[in-house]
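Participant: Give me coordinates for this.
(chains A and B)
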Amino acid sequence: GDSVTQMEGPVTLSEEAFLTINCTYTATGYPSLFWYVQYPGEGLQLLLKATKADDKGSNKGFEATYRKETTSFHLEKGSVQVSDSAVYFCALSEDTGRRALTFGSGTRLQVQP
Amino acid sequence: DAGVIQSPRHEVTEMGQEVTLRCKPISGHNSLFWYRQTMMRGLELLIYFNNNVPIDDSGMPEDRFSAKMPNASFSTLKIQPSEPRDSAVYFCASSPTGALNTEAFFGQGTRLTVV
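Facilitator: Take a look at the predicted model:
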């Protein structure tokens, strides 16, 4: 079945540092890939998505590129802010069959001033 | 639109009691999902509906859990009887069908504590 693997957290960075959160996936078809963010006490919000190979999703300074050859969708940001502190989830949905999202385990990011 | 609305936000109940969680999806969305979030298991899909019909309930833990969607604007997740291991945050999400690879919109969740 489908699965998503994320790097373990927490990731602790200083403000303005470069961020990478690794995500790899296993899927039978041609999935779409997503990054969601969860702030404390809140539900998940879509951060960015990519629907086909080599697409780059971007939003709020974050970006991720759909790499089919390495089955990866790593999240990056050039300069993090304290307000980016949250839990980040990588997810996929298949293009056929079950349409529900399959999530990774989440990576907690803590940004210190 | 107000987004996906869940109630209650917090629920504390005693073991053995019945618990009902409620969800109002975004108007016009045809798919509805119930997820459970715990520290140990992360986000797990419990069940999902399409046009009010349950499509995949393979994630429902056991017979104590049941979910209904009597119409396009309302769904419930019921646990009877509840147990301490059911303590978690339960999220409802909705998305429009007919569009491939569409994001799901999440509610703020219900934090359930069973003592």
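Participant: drop to CA atoms for contacts and neighbour counts, all remaining ones
Facilitator: Fine.
Participant: touching chain B at all, the helix or strand of chain A with the lowest mean pLDDT?
Facilitator: The weakest-scoring helix or strand in chain A, judged by mean pLDDT, DSSP states H and E, is strand A:102-103 (a mean of 90). Yes: with Cα under 8 Å from any Cα of the partner chain as the measure, strand A:102-103 is seen reaching chain B through A:Thr102, A:Phe103.
Participant: Around chain A, pick out the residues from chain B.
Facilitator: B:33, B:41-45, B:48, B:56, B:91, B:100-101, B:103-109.
Participant: can you map out the helices along chain A?
Facilitator: Per DSSP state H, chain A carries no helices over any range.
Participant: Give the pairing partners of the least confident helix or strand of chain A; include direction for each.
Facilitator: strand A:86-93 (antiparallel) (DSSP bridges).
Participant: Please report the distance of B:Tyr35 from A:Phe103.
Facilitator: Going from B:Tyr35 to A:Phe103 by Cα to Cα, to the nearest Å gives 10 Å.
Participant: And for A:Glu8?
Facilitator: A:Glu8 is 14 Å from A:Phe103, where distance means Cα to Cα.
Participant: sorry, back to before: pull out the buried members of the residues of chain B next to chain A.
Facilitator: Those of the residues of chain B next to chain A that meet the buried threshold are B:33, B:43-45, B:48, B:56, B:91, B:101, B:103-109, by 16 or more other Cα atoms under 10 Å in any protein chain shown.
Participant: what helix or strand is the residue nearest to the spatial centre of chain B on?
Facilitator: In chain B, the residue lying closest to the centroid (Cα atoms, centre = their mean) is B:Trp34, at 3.0 Å. Assessed by DSSP states H and E, B:Trp34 sits inside strand B:31-38.
Participant: what bits of chain A have low per-residue confidence?
Facilitator: Residues of chain A meeting the criterion pLDDT under 70: A:95-99.
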